[in-house]
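Student: model this:
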Amino acid sequence: MTTSLDRETAELPPLTSAARRFLKHPRLMHHNRLAGLVLMVNVTYAATSRPLSTASLAHASLANLALAVLVRQQYVINLLFRLATRAPTTWPLKVRWTLGKVYHFGGLHVGGALAGTGWFLALVATEPNGPSAAVGWSLVALLAVIVATALPPFRSRHHDHFEKIHRFGGWTALALFWAHTLLSGAGPVSVTVLAVVTFSVALPWLRLRKVAVRLERPSRHVVLARFDHGETPFAGSSTAISRSPLREWHSFANVPAPGEPGFRLTISRAGDWTGSFIDDLPERVWVKGITTAGVANIETLFTKVVYVATGSGIGPCLPHLLAAEVPSRLVWATRDPRATYGDALVDEILAVQPHARIWNTSRDGKPDMVRLAYAAYRDFGAEAVICISNKKLTWQVVHGLERRGIPAYGAIWDS
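Tutor: You can find the predicted model right below:
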């Protein structure tokens with residue numbers, strides 16, 4: 001059992017060629033490639049389909065906006081993960097490396113939203129003055145606000161406002177779409193697609209309920225929330241919870257225990273909402289929607305994986321470590337693990353990961369996580385590294401390893 005690491009860490013392998021490093025640049029990650037692909041398909045369609053009729057503009061707009069909405073639907077997300085991870089580990093590593101990027105599907109959402117907004121603007125610009133045009137221009141203005149507030153400069157600084165604008169603005173936009181569709185006398189295909197989109201948006205809210213939660217607070221930094229309301233989610237999924245369902249939602253990784261009903265969430269102090277949750281423990285919370293697959297579900301594409309976590313990042317890793325579906329090795333850097341998360345949780349981790357490398361940052365300082373990740377990858381003979389941490393460190397580990405030819409994965413904060 002390794003409970004800490006010394007400061008001797010492995011020398012990193014050399015960087016790959018300049019061309020391969022260029023393709024691994026963060027600006028060329030698969031999320032952006034997918035967004036670019038959607039936009040390129042739309043530009044090609046516009047260039048090869050002239051003259052574009054009013055019906056063509058309407059259909060192109062609706063198709064793209066339907067893509068933007070449906071690709072975010074929980075059942076669709078789970079289906080994408082299920083399809084991508086069906087590949088056997090006998091397939092070439094390069095193929096499985098790419099399939100593992102399935103969680104970048106948000107690029108389809110971005111590309112569809114941008115293209116759909118552009119097509120709808122072109123449609124409204126061709127309409128004569130009247131009720132349909134009035135609704136159309138109102139919708140164009142609303143879509144512009146939604147797109148503008150979803151851009152990184154606003155979104156990163158005002159994330160709570162972004163979520164509210166996206167939620168309430170999206171609902172209003174859907175209502176205006178219905179009004180515009182009916183006023184313009186659209187055919188049955190458009191009405192059917194719009195009905196499917198509306199049902200997709202409503203479905204998670206149809207499963208809204210307030211449930212009891214049992215809370216254990218091992219320290220002022222973390223709470224372990226236990227749920228047993230008839231749901232036992234699959235390992236690697238997440239659940240959204242809220243104390244005020246119309247205001248804000250926060251998703252956490254589900255930690256089901258093999259053979260036991262219910263599940264746990266690990267909630268660490270990381271902002272106003274989580275801080276308030278830890279300080280003022282609620283007896284009941286709202287849950288919504290369908291449990292959704294997360295990044296680490298791509299583990300089944302590989303023969304062995306290394307999990308790299310910092311702090312509460314252990315939460316999303318834990319269900320996979322407990323399920324032990326794929327041989328894995330854990331590297332976890334956190335402050336005072338037993339004092340922060342409790343002896344029970346640490347002992348549970350060590351029971352399934354006796355060779356886990358746990359770095360106590362309070363005692364040993366901050367480690368070089370890229371080197372630690374590579375050392376575990378090399379020594380364990382793994383095929384991939386999955387990193388669960390904050391945004392800066394996740395990208396540092398993922399891109400630091402991929403530039404050296406090692407498959408690495410981590411959240412991209414696109415939701």
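Student: What separation is there between the closest residue to His180 other than its chain neighbours and Thr172?
Tutor: In this structure, His180 finds its nearest non-sequential neighbour in Val135, 4.7 Å apart by Cβ to Cβ, 6 or more residues apart in numbering. Using the backbone N, CA and C atoms, a C-beta is placed for each residue, glycine as well. Distance, Val135 to Thr172, using Cβ to Cβ, to the nearest Å: 12 Å.
Student: higher neighbour count, these two?
Tutor: The neighbour comparison of Val135 against Thr172 (other Cβ atoms under 10 Å) goes to Val135, with 22 against 14.
Student: residues contacting that one?
Tutor: Neighbour list for Val135: Leu176, Ala179, His180, Leu183 [criterion: Cβ atoms under 8 Å, 6 or more residues apart in numbering].
Student: Using a markdown table, lay out these together with secondary structure.
Tutor: Below are the contacts of Val135 laid out as a markdown table (DSSP: H, G, I helix; E, B strand; the rest coil):
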| residue | secondary structure |
| --- | --- |
| Leu176 | helix |
| Ala179 | helix |
| His180 | helix |
| Leu183 | helix |
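Student: between those residues, which is nearest Met29?
Tutor: Met29 lies nearest to Leu176 out of those, by Cβ to Cβ, at 33.1 Å.
Student: Please tell me how far Ile298 sits from Thr89.
Tutor: Applying Cβ to Cβ to Ile298 and Thr89 gives a distance of 12 Å.
Student: in stretch 213-228, what counts as buried?
Tutor: Buried residues in stretch 213-228, counted by 16 or more other Cβ atoms under 10 Å: Val213, Leu215, Pro218, Ser219, His221, Val222, Val223, Leu224, Ala225, Phe227.
Student: end to end, how far does stretch 17-34 reach?
Tutor: Using Cα to Cα, to the nearest Å, the end-to-end distance of stretch 17-34 comes to 24 Å.
Student: hmm, back to that, ranking by neighbours, what's the top pick from the contacts of Val135?
Tutor: His180 (25 neighbours).
Student: Tell me where the stretch 51-200 of the chain has helices.
Tutor: 54-70, 74-84, 93-99, 106-125, 131-150, 152-157, 159-183, 188-206 (DSSP state H, counting those that start in this stretch).
Student: more neighbours, Ile298 and Thr89?
Tutor: Neighbour comparison, Ile298 and Thr89: the larger count goes to Ile298, with 25 against 13 (by other Cβ under 10 Å).
Student: where's the closest residue to the more buried one other than its chain neighbours relative to Arg363, distance?
Tutor: Nearest residue to Ile298, sequence neighbours excluded (Cβ to Cβ, 6+ apart): Gly100, at 4.1 Å. Shown here: Gly100 relative to Arg363, a distance of 34 Å by Cβ to Cβ.
Student: circling back to that earlier point, look up the pLDDT of the residue nearest to Ile298 for me, please.
Tutor: You'll see Gly100 listed with a pLDDT of 97.
Student: repeat for Ala133
Tutor: On pLDDT, Ala133 comes in at 93.
Student: Just to check, it is in contact with Leu123?
Tutor: No - in this structure, Ala133 is not within contact of Leu123 by Cβ atoms under 8 Å, at 10.0 Å.
Student: Looking at those two, which is more packed in?
Tutor: Legend: neighbour count by other Cβ under 10 Å for Ala133 and Leu123, higher for Leu123 (23 against 17).
Student: burial count for the residue lying closest to the more buried one once chain neighbours are set aside?
Tutor: Residue nearest to Leu123 in three dimensions, not counting chain neighbours: Leu57, with 4.0 Å by Cβ to Cβ, 6+ apart. Neighbours of Leu57 under the rule other Cβ under 10 Å: 20.
Student: Let me see the contact set for Leu57.
Tutor: Residues in contact with Leu57, defined by Cβ under 8 Å, 6+ apart, are Trp119, Phe120, Ala122, Leu123, Thr126.
Student: Just the closest of the residues you listed to Ala339, please.
Tutor: Phe120 (54.9 Å).
Student: Could you check how many residues crowd around that closest one?
Tutor: Counted with other Cβ under 10 Å, Phe120 comes out at 24.
Student: Just want to check the distance between it and Arg72.
Tutor: Taken as Cβ to Cβ, the span from Phe120 to Arg72 is 19 Å.
Student: Now do the contacts for Arg329.
Tutor: Taking Cβ under 8 Å, 6+ apart, we find Arg329 in contact with Lys304, Val305, Val306, Tyr307, Gln353, His355, Ala356, Arg357, Ala376, Asp379, Phe380, Ala382.
Student: Pull up the gap between the first one and Leu372, please.
Tutor: Pointing back at Lys304 there. In this view, Lys304 and Leu372 are 17 Å apart by Cβ to Cβ.
Student: Please name the nearest non-neighbouring residue to Ala323.
Tutor: In space, and not counting its chain neighbours, Ala323 is closest to Ala235: 4.4 Å by Cβ to Cβ, 6+ apart.
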